[in-house]
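Colleague: Sequence and predicted structure, then a few things I'm wondering about:
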Amino acid sequence: MKQSEEKIEIEELLNEIIGDESLEAQRDTSIGILEPIDDESSDELMKQLLYIPKSTLTAGQVLNLLRRMLREINPVYIDLAERTAFCAVKIYDYARVKNKMNLNIDRNALILLSVLFTIGSYKPEFNMKDDNDEVHSCPRKMFLYSYLYLKHLSPLKDIAEAILFYNCDWKKAKELQSPYGEYASLIFTCMRICIQLRKNHYVYTKRLFTQDFIDNCRKLYDPVFLDLFFEPELTQAITKELKNNNSFYLLDEYCNSVQLDYEETFSLLKIMLYSVDFVSTSTVTHIISTAFYATEIAKLEKLTDSETDEVFTAAILHDMGKMSIDIEILESAGCLTDEQMQKMREHVKKGDEMYRGIVGNKLSDIASRHHENLDGSGYPNGLKCEELTTQQRILSIADVFSALTDARTYKPSYSKEKTINIMEDMVSKCKFDPGILNHVKAQYDLIKAHTEIRRPMLTANLGLVVLDYMRLEDIEDISDLFEAIHNG
């Protein structure tokens, strides 16, 4: 098959799954470029003087949370990725248990890569509507962006280059001396299998897998994976779980089995955080500020290190539900209407639905009670002071502190005097804990300064992803692309 024909075919396959049902899932979003502060002196000062908070989440928890966040942006592509991931892990495990082949594949990396290989699809320019209001994908650019995003921001690093072989003769990976061709063959064979099965509601019939389909798969990808799928025992096991949607729950278990060290897990956490940027850059900035304000306030309140880490982690989670809120509301430049405000308030319950059951009740309660007030006038549950812990009260104050002092689309950054006046008024109305606010007032400047020193911890270099993408986006030949990547 010629390259132009291959390009048309993969576009047709992807366009097939992003029909009308995906249009409502698309949002007019953009990716912001947030550069890290490259200041070694500040970093050294932070290490010497400040407590460095740690996330309490495991890699599996982060990956499962990320899946749910991406589903809020575009359920069609995450559905394809999750079914592909389930299929790929089932084939991998079957091959290992049955001693069918020697795989040069790491199971952790396979799970990460197969769940996230479509992450470029959440950038809306790769799924643009034409004059007839139909969506047409641009797979070459989408997969290139996915590769660069995972290469620069995720623990996958070089393994992510497997994505570049999405529609390429599997022998080409060997020719280009890439050690990741097996990942590509397994993942993209499974992607094509899932697209075919989708046509018949995941009920397997031989007629679905025509000779043309089989011949094309065998040419593009190592045929051993397709042969494994067609073994009756495995075919039945995969299609049964795909049909009854149990595959999503089994994938939860696969994700929970992922073992990464702390630095790799934290790298994955930042991808989870910056997935919010596909919807709202200002929300990412707000989450980062809130997390470090909460850390500083927790230390002023003499919380233990583990308690402080819980507040820090809950702060990262606290606005996850905003992924489900319309961008027009999130980025509104004016005051929200009553109806819009009601929809905005739904983000708390939406977030709670996303993380409760994954991170445990204590962390979920801290994260989901950041809009509760001591007098019971808050939301979503109208809890009163005796029902709110110190950790929950800290996050509530940190959230408002960030909202007031950070510039937003609808307001500038408020001055120290104005911020304190507003928060004192909230104390007078029994909204906030007066003791905690007194500590915030006394250490206002220090809280702000320490937050700026800590901020690079949660900053991701999206600028590097964008610059590399601009450099490589017009290169269509895979050999030329690899030369530009490895020698450029």
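Modeller: That came through fine.

Colleague: remind me which residues of the chain are low pLDDT?
Modeller: 1-11, 13-49, 127-137, 488 (pLDDT under 70).

Colleague: Just to confirm, which residue in it is farthest away from the center?
Modeller: Distance from the C-alpha centroid of the chain peaks at residue 428, with 39.4 Å (Cα atoms, centre = their mean).

Colleague: Next one: that residue relative to residue 394, how far apart?
Modeller: Going from residue 428 to residue 394 by Cβ to Cβ, to the nearest Å gives 19 Å. C-beta here means a position set from N, CA and C on the backbone, and glycine is covered the same way.

Colleague: would you list every one of the strands in the stretch 1-150 of the chain?
Modeller: 127-129, 135-137 (DSSP state E, counting those that start in this stretch).

Colleague: next one: the stretch 301-450 of the chain
Modeller: Using DSSP E, counting those that start in this stretch, strands in the stretch 301-450 of the chain do not occur.

Colleague: Now do the contacts for residue 51.
Modeller: Residue 51 makes contact with 295, 299, 305, 308, according to Cβ atoms under 8 Å, 6 or more residues apart in numbering.

Colleague: Can you tell me which of those residues are buried?
Modeller: Neighbour-count burial (16 or more other Cβ atoms under 10 Å) is assigned, among the contacts of residue 51, to 295, 299, 308.

Colleague: Surely the first one is in contact with residue 305?
Modeller: No: checked against Cβ atoms under 8 Å, the pair residue 295 and residue 305 is beyond contact range at 10.6 Å.

Colleague: Now do residue 381 against residue 344, distance only.
Modeller: Applying Cβ to Cβ to residue 381 and residue 344 gives a distance of 17 Å.

Colleague: can you check residue 149 too?
Modeller: Distance from residue 149 to residue 344, by Cβ to Cβ: 28 Å.

Colleague: My guess is residue 159 contacts residue 111. True?
Modeller: No: the pair residue 159 / residue 111 is not scored as a contact, 11.7 Å apart, by Cβ under 8 Å.

Colleague: Between the two, which is the more surrounded one?
Modeller: For residue 159 versus residue 111, the count of surrounding residues by other Cβ atoms under 10 Å is larger for residue 111: 24 against 20.

Colleague: OK, contacts around that one?
Modeller: Here residue 111 is in contact with 63, 85, 89, 254-255, 257-258 (Cβ under 8 Å, 6+ apart).

Colleague: same thing but at 6 Å, please
Modeller: Each residue near residue 111 by Cβ atoms under 6 Å, 6 or more residues apart in numbering is listed here: 254, 258.

Colleague: Would you map the helices across the stretch 251-400 of the chain?
Modeller: For the stretch 251-400 of the chain, applying DSSP state H, counting those that start in this stretch gives helices covering 262-274, 281-300, 305-317, 327-330, 338-355, 361-368, 390-405.

Colleague: so can I have TSV of those helices showing distance to residue 54?
Modeller: Listed next are those as TSV, based on distance: least, Cβ to Cβ, whole Å:
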stretch	distance to residue 54
helix 262-274	7
helix 281-300	10
helix 305-317	5
helix 327-330	29
helix 338-355	18
helix 361-368	13
helix 390-405	15
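
Colleague: Buried residues of the longest helix anywhere in the chain, list them for me.
Modeller: Ranked by residue count under DSSP state H, the longest helix found in the chain is helix 75-97. By neighbour count with 16+ other Cβ under 10 Å, helix 75-97 contains the buried residues 76-92, 94-95.

Colleague: cool, and stretch 255-265?
Modeller: By 16+ other Cβ under 10 Å, the buried positions in stretch 255-265 come out as 255, 258, 260, 264-265.

Colleague: residues in contact with that stretch?
Modeller: Under Cβ under 6 Å, 6+ apart, the answer for stretch 255-265 is 59-60, 63-64, 108, 111, 155.

Colleague: what about 8 Å?
Modeller: Taking Cβ under 8 Å, 6+ apart as the rule, stretch 255-265 contacts 54-55, 57-64, 67, 107-108, 111-112, 115, 155, 268.

Colleague: Narrow those to those that are buried.
Modeller: Neighbour-count burial (16+ other Cβ under 10 Å) applied to the contacts of stretch 255-265 gives 55, 57-64, 67, 107-108, 111-112, 115, 155, 268.

Colleague: Ends of stretch 453-469, what's the gap?
Modeller: By Cα to Cα, to the nearest Å, the extent of stretch 453-469 from end to end equals 30 Å.

Colleague: Between residue 149 and residue 344, tell me which one has more neighbours.
Modeller: residue 149 (27 against 17).

Colleague: what about residue 386, how many neighbours?
Modeller: Neighbours of residue 386 (other Cβ under 10 Å): 6.

Colleague: And it, how far from residue 96?
Modeller: Counting by Cβ to Cβ, the gap from residue 386 to residue 96 is 54 Å.
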